[in-house]
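K.L.:
Requesting a structural model of the entry that follows:
(one chain, ligands or ions: 1)
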Amino acid sequence: MGRGVRSEAHAAERGGDEPASSEPWWRDAVFYQVYVQSFADSDGDGVGDLEGFRSRLGYLELLGVDALWLTPFYRSPMADNGYDVSDPRDVDPLFGDLGTFDALLAEAHEHGIKVTIDLVPNHTSDQHPWFQAALAAAPGSPERDRYIFRDGTGAQPPNNWVSTFGGPAWTRVSDGQWYLHLFGSEQPDLNWTNAEVREDVERTMRFWLDRGVDGFRIDVAHGMAKPDGLPDMDPRAAQAAGPHEFADPRFDNEGLADIHAFLRSVLDDYPGTIATGELWTFDDDRLASYLEPGRLHLGFNFRLALTHFDADTLHAAIDRSLTVPQRVGAPATWALGNHDVWRQVSRYGDGETGLRRARAMMLVELALPGAVYLYNGDELGLGNIELPPGVGDDPRAEDDPARNRNIARAPIPWEGTAPPFGFTTGQRSWLPLPEEWADRTVEAQLEDPDSTLSLYRAAIEARHSHQAFGGEGIEWYGAPAGCFAFRRADLDQADDESGVVCVLNTSGSAVDLPPGEVLLSSAPLVDGQLPSDAAAWLV
Ligand code: ISL
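P.N.:
Purely as a prediction, here's the structure:
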């Protein structure tokens, strides 16, 4: 059944006379992030590609997701797995070509699935023709002005900024000037006060929008604007894990409002398309400002992903994540992870405990109002992998192997009993798949009603079909220590006592459930009680 059919049914179940199109599709969509090099490989080189992905679209329809986010597949020297783009308007031969992209886009749409793609507007690759021209040109030239070149002081860089990958955020060129890179030295930052930069990003957006994409995930959407004079940062900001506790002029600058409004103005020419900002922003007012009318549609933020498995802290994180966007009329956006952070199974304790908690948190996430982002492999209960020395190097881990993000980017195990589990027809995959994943493959889980994959499918299906998921509010219930419970219902209907109640148990022991019929639970009930490290939906 196509998604359009289903959303009409959804609207009808909610009892509204409004046509299904009155509510924008993205406000409560389930997005699925496809890390292209790790999804499915069609040509045996061990790296996932667009054709491999196209051939697995049926799986995504089965999973029931509404929309996709594809990580970069553009021309790139792959210094940062494609986030170093040398031509944003072409497909890297590693992944296929424009024809393959068009075919997969058309087919995804036939399956009723929207397709959003990454836009990387903060920086280019150092191999981009613009940067090569800038290197060849003189200080003060128009070529250099597209990037952020400055003079230093003697052998010292222009300021004390550090790269998020470690080391100084400045690299010196042969004539003595320095260029800024908030990420790797292969990723020079663009100068967003330069008109050509805007024009070129607009060209890129229209290039893909004209082909039919449904929107963009904006890479480092909190980073494109730089403050006048490039003042020093508080060095402690570099060590802060996640939330910006210290002055950090590298991010969240005033100029972003204008840049976001500009991106939005391009999208407004293509009704129904969206921009989801990647926002490592923890200041509530600022986060809300990014989502004001006329700016970004959705704010992919990391509050839930960075909160540990504890009912009280999660309760607070959910309240904040819900109310901040709602202040400006935007829906909340939920994510438990992506390709830059540890897999939730591993964050929550690895092994059986980690998996139990990850399953429970998925039920919490999918019960919440707003848009949800799932990361490929989460639905299989995958954890981080171990990388043998010299395999899967990550530019972020040059100074500290513990910061390697590739441990959370392993290929998808599709079928069979041994690596590479149908991911590639070749012998080797770009990152290893652990032997132990024999029971985590799609094939092993698809028909097993107790599998993590089956739980995801059931939860997504219920989220689409149950009328309680129509509204935008939640109501907290009292719950035993270490637990929480909220009712998801259309709270605008004051007399509506229906709804789905989501209960999470992070305490060490089993707890009684409130009255109601159990629709789904992340673990079997024990004598009618919800065991620890589990969640349930009741109707
Ligand atoms: O800004 C940060 C912390 O305040 C960083 O975490 C940063 O925003 C984040 O790493 C950005 O990630 C994105 O852009 C990177 C790329 O390596 C990541 O994979 C991508 O998700 C550079 O393009």
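
K.L.:
Residues touching stretch 230-247, excluding its own?
P.N.:
Residues outside stretch 230-247 that contact it (Cβ atoms under 8 Å, 6 or more residues apart in numbering) are 148, 150, 158-162, 180, 248-252, 280-283, 302, 306. Just so you know, the C-beta spots here come from the backbone N, C-alpha and C atoms, and that holds for glycine as well.

K.L.:
Just the buried residues of these.
P.N.:
Among these, the ones that count as buried by 16 or more other Cβ atoms under 10 Å are 148, 158-159, 161-162, 180, 248-252, 280-282, 302.

K.L.:
In the residues you listed, find the pair that's most separated.
P.N.:
Using Cβ to Cβ, the two most remote members of those are 158 and 302, lying 29.3 Å apart.

K.L.:
closest point of this structure to the ligand, which residue?
P.N.:
With Cβ to the nearest ligand atom as the measure, residue 83 is the residue of the chain nearest to the ligand, at 3.3 Å.

K.L.:
Keep only those of the buried ones among the contacts of stretch 230-247 that are in strands.
P.N.:
Counting by DSSP state E, the part of the buried ones among the contacts of stretch 230-247 found in strands is residue 180.

K.L.:
so which of the buried ones among the contacts of stretch 230-247 also contact the ligand?
P.N.:
Applying Cβ under 6 Å from any ligand atom to the buried ones among the contacts of stretch 230-247, one finds that 251, 280 fall near the ligand.

K.L.:
was I right about residue 451 contacting residue 444?
P.N.:
Yes: if you go by Cβ atoms under 8 Å, residue 451 and residue 444 touch, sitting 7.5 Å apart.

K.L.:
pLDDT at the closest residue in space to residue 147 that isn't next to it in sequence, what is it?
P.N.:
Distance criterion Cβ to Cβ, 6 or more residues apart in numbering; nearest residue to residue 147, sequence neighbours excluded, is residue 188 at 4.9 Å. Residue 188 carries a pLDDT value of 99.

K.L.:
can you offset everything so residue one is 552?
P.N.:
Right, with 552 as the first residue, what we last looked at is residue 739.

K.L.:
ok, now which ones touch residue 739?
P.N.:
Contacts of residue 739 by Cβ under 8 Å, 6+ apart are 674-675, 677, 682, 685, 698-699, 730-732.

K.L.:
do residue 684 as well
P.N.:
Residues in contact with residue 684 (Cβ under 8 Å, 6+ apart) are residue 694.

K.L.:
As a quick check, tell me the outermost residue of the chain.
P.N.:
Relative to the centre of the chain, the most outlying C-alpha is that of residue 705, 41.2 Å out, by Cα atoms, centre = their mean.

K.L.:
Would you state the predicted confidence (pLDDT) at it?
P.N.:
For residue 705, the pLDDT comes out at 88.

K.L.:
Kindly report the residues of the stretch 602-751 of the chain close to the ligand.
P.N.:
Residues of the stretch 602-751 of the chain lying near the ligand by Cβ under 6 Å from any ligand atom: 631, 634, 671, 715, 734.

K.L.:
Go again with 5 Å.
P.N.:
Proximity of the stretch 602-751 of the chain to the ligand (Cβ under 5 Å from any ligand atom) is limited to residues 631, 634, 715, 734.

K.L.:
For the second one, give its distance to residue 697.
P.N.:
When you say that, I think you mean residue 634. Residue 634 sits 19 Å away from residue 697, taking Cβ to Cβ, to the nearest Å as the criterion.

K.L.:
which one of the buried ones among the contacts of stretch 781-798 is nearest residue 908?
P.N.:
Residue 908 has its nearest neighbour among the buried ones among the contacts of stretch 781-798 in residue 853, at 17.8 Å by Cβ to Cβ.

K.L.:
I'd say the closest one and residue 884 touch.
P.N.:
No: using Cβ under 8 Å, residue 853 makes no contact with residue 884, being 10.5 Å away.

K.L.:
Residue 643 is in contact with residue 633, correct?
P.N.:
Yes: applying Cβ under 8 Å as the test, residue 633 and residue 643 come out as touching, 7.1 Å apart.

K.L.:
Find residues that contact each of those two.
P.N.:
Each of 624-625, 627 lies in contact with both residue 633 and residue 643 under the rule Cβ under 8 Å, 6+ apart.

K.L.:
What I need now is those written out in JSON lines, including pLDDT for each item.
P.N.:
What follows is the shared contacts of residue 633 and residue 643, written out as JSON lines (pLDDT from 0 to 100):
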{"residue": "624", "pLDDT": "98"}
{"residue": "625", "pLDDT": "99"}
{"residue": "627", "pLDDT": "98"}
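
K.L.:
Skipping its backbone neighbours, what lies nearest the residue nearest in space to the middle of the chain in space?
P.N.:
Centroid-nearest residue in the chain: residue 889, 4.9 Å away (criterion: Cα atoms, centre = their mean). Take residue 889 and drop its neighbours on the chain: the residue closest to it by Cβ to Cβ, 6+ apart is residue 926, 5.2 Å away.

K.L.:
Pull the number of nearby residues for the one you found.
P.N.:
Residue 926 has 25 neighbouring residues, counting by other Cβ atoms under 10 Å.

K.L.:
Quick check: bridge partners of it?
P.N.:
residue 584 (DSSP bridges).

K.L.:
wouldn't it be in contact with residue 584 here?
P.N.:
Yes: at 4.7 Å, residue 926 counts as touching residue 584 under the criterion of Cβ under 8 Å.

K.L.:
got any residues that touch both of those two?
P.N.:
Common neighbours of residue 926 and residue 584, counting by Cβ under 8 Å, 6+ apart, are 889-890.

K.L.:
Would you mind naming what in the stretch 752-901 of the chain lies close to the ligand?
P.N.:
770-771, 831, 891.

K.L.:
The residues you listed in strands, which ones?
P.N.:
In strands, judged by DSSP E, none of these are found.

K.L.:
By pLDDT, rank the residues you listed and give me the bottom one.
P.N.:
Ranked by pLDDT, these bottom out at residue 831 (94).

K.L.:
thought it was touching residue 773?
P.N.:
Yes: at 5.9 Å, residue 831 counts as touching residue 773 under the criterion of Cβ under 8 Å.

K.L.:
what touches both of the two?
P.N.:
Residues within reach of residue 831 and of residue 773 at once, by Cβ under 8 Å, 6+ apart, are residue 802.

K.L.:
ok now do residue 969, which residues does it touch?
P.N.:
By Cβ under 8 Å, 6+ apart, residue 969 lies in contact with 986, 989.

K.L.:
per-residue pLDDT, it?
P.N.:
97.

K.L.:
Can you classify it as helix, strand or coil?
P.N.:
With DSSP: H, G, I helix; E, B strand; the rest coil as the basis, residue 969 sits in coil.

K.L.:
For this structure, which segments are assigned as helices?
P.N.:
554-564, 601-606, 608-614, 649-661, 680-687, 693-696, 746-762, 807-818, 835-841, 862-877, 895-898, 902-918, 993-997, 1003-1016 (DSSP state H).

K.L.:
from the ones you listed, which stretch is densest packed?
P.N.:
Counting by mean count of other Cβ atoms under 10 Å, helix 895-898 has the highest mean neighbour count of the helices of the chain, with a mean of 24.

K.L.:
I'd like to know which of the buried ones among the contacts of stretch 781-798 is nearest to residue 985.
P.N.:
Checking the buried ones among the contacts of stretch 781-798 against residue 985 with Cβ to Cβ, the nearest one is residue 853 at 26.1 Å.

K.L.:
got any ranges where this structure has weak pLDDT?
P.N.:
552-572, 791-795, 1042-1048 (pLDDT under 70).

K.L.:
One more pass at 50, please.
P.N.:
Scanning the chain for pLDDT under 50 picks out 552-571.

K.L.:
Please parse it into its domains.
P.N.:
Split into domains by automatic domain parsing, the chain comes to 554-674+753-778+799-929, 680-731, 934-990, 1014-1089.
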